[in-house]
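Undergrad: Sequence and computational prediction follow.
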Amino acid sequence: MSGSSPRTEGIRGHELHAEVSDLYQRHSACLLKYAASMARNEEEAHDAVQEAYLRYFIQRRYGRQFDNPRAWLYQVLHNYLLDRLKAVAGRLEVASSDLEGIADQNQNPEKLLQCRELAGEIAAALTGRELHCLRLRAGGLCYEEIADAMDVRLGTVGALLTRVHQKLRPSRKQWIAMGLADAVCSFLVEGQTPSS
């Protein structure tokens with residue numbers, strides 16, 4: 001994985017706990033928001049974030065050094081959630097918590113439906129890589145961190161985000177009128193998936 005170097009220096013237990021605790025304090029909220037954009041329920045998102053930090057802890061315990069721990073955590077989180085989503089898709093399960101979340105919305109049902117339809121249109125317009133890049137950018141990562149997390153060049157990040165902008169621009173007036181901001185939030189939080 002990118003964001004790491006082959007140096008292997010031991011680290012003492014209390015130093016490692018302090019390091020992981022500091023990383024958790026600084027990045028866990030953004031990682032959780034990103035996980036929620038991919039996972040279908042809050043519990044799975046929390047589990048995925050905990051798994052990413054556990055894997056970081058184990059790698060550091062064995063002496064691995066990271067040039068960019070934040071990007072590494074995002075990459076591990078993304079890959080872990082993809083594996084989980086593939087497993088669930090293979091079983092074609094519908095979690096009961098998904099249905100409960102819909103009933104608990106305190107919004108206008110018409111607006112909620114319109115927002116979800118628009119979110120689906122936005123997601124359908126993007127490829128998997130564009131969607132991944134957009135989620136990372138929405139999560140607050142800079143271009144360099146996105147490049148590390150996706151294991152691509154910096155120029156590729158710029159090209160992906162430019163394509164996202166170009167794909168969303170033609171219908172922007174219609175989408176703004178329908179509540180583009182709400183749709184994008186729905187798209188990022190509820191884990192809409194792209195068509196390609």
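TA: The structure has been received and is ready for your questions.
Undergrad: in which helix or strand would I find residue 65?
TA: In the assignment (DSSP states H and E), residue 65 maps to strand 64-66.
Undergrad: other SSEs contacting the longest helix out of those in the chain?
TA: Ranked by number of residues, the top helix in the chain under DSSP state H is helix 13-38. Judged by 3 or more CB pairs under 8 Å, 6 or more residues apart in numbering; DSSP states H and E, helix 13-38 is in contact with helix 42-61, helix 69-91, helix 128-138, helix 180-189. Using the backbone N, CA and C atoms, a C-beta is placed for each residue, glycine as well.
Undergrad: need the contact list for residue 133.
TA: Residue 133 makes contacts with 146, 150, 157, 160-161, 164, as judged by CB atoms under 8 Å, 6 or more residues apart in numbering.
Undergrad: Max pairwise distance over the residues you listed: which two?
TA: 150 and 164 (13.5 Å; CB to CB).
Undergrad: Skip the chain neighbours and tell me the closest residue to residue 143.
TA: Spatial nearest neighbour of residue 143, excluding adjacent residues (CB to CB, 6 or more residues apart in numbering): residue 157 at 4.8 Å.
Undergrad: I'd assumed that neighbour was in a helix, is it?
TA: Yes - counting by DSSP: H, G, I helix; E, B strand; the rest coil, residue 157 is found in a helix.
Undergrad: what's near enough to touch it?
TA: Residue 157 neighbours (CB under 8 Å, 6+ apart): 133, 143, 146-147, 150.
Undergrad: Would you format those as JSON lines with pLDDT included?
TA: Below are the contacts of residue 157 laid out as JSON lines (pLDDT from 0 to 100):
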{"residue": "133", "pLDDT": "88"}
{"residue": "143", "pLDDT": "89"}
{"residue": "146", "pLDDT": "91"}
{"residue": "147", "pLDDT": "91"}
{"residue": "150", "pLDDT": "91"}
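Undergrad: Most neighbours out of those, which is it?
TA: residue 133 (27 neighbours; other CB atoms under 10 Å).
Undergrad: I'd like the distance from that residue to residue 56, if you could.
TA: Going from residue 133 to residue 56 by CB to CB, to the nearest Å gives 22 Å.
Undergrad: same deal with residue 47?
TA: When residue 47 is compared with residue 56 (using CB to CB), they lie 15 Å apart.
Undergrad: Comparing those two, which residue is more hemmed in?
TA: For residue 47 versus residue 56, neighbours defined as other CB under 10 Å are more numerous around residue 56 (21 against 16).
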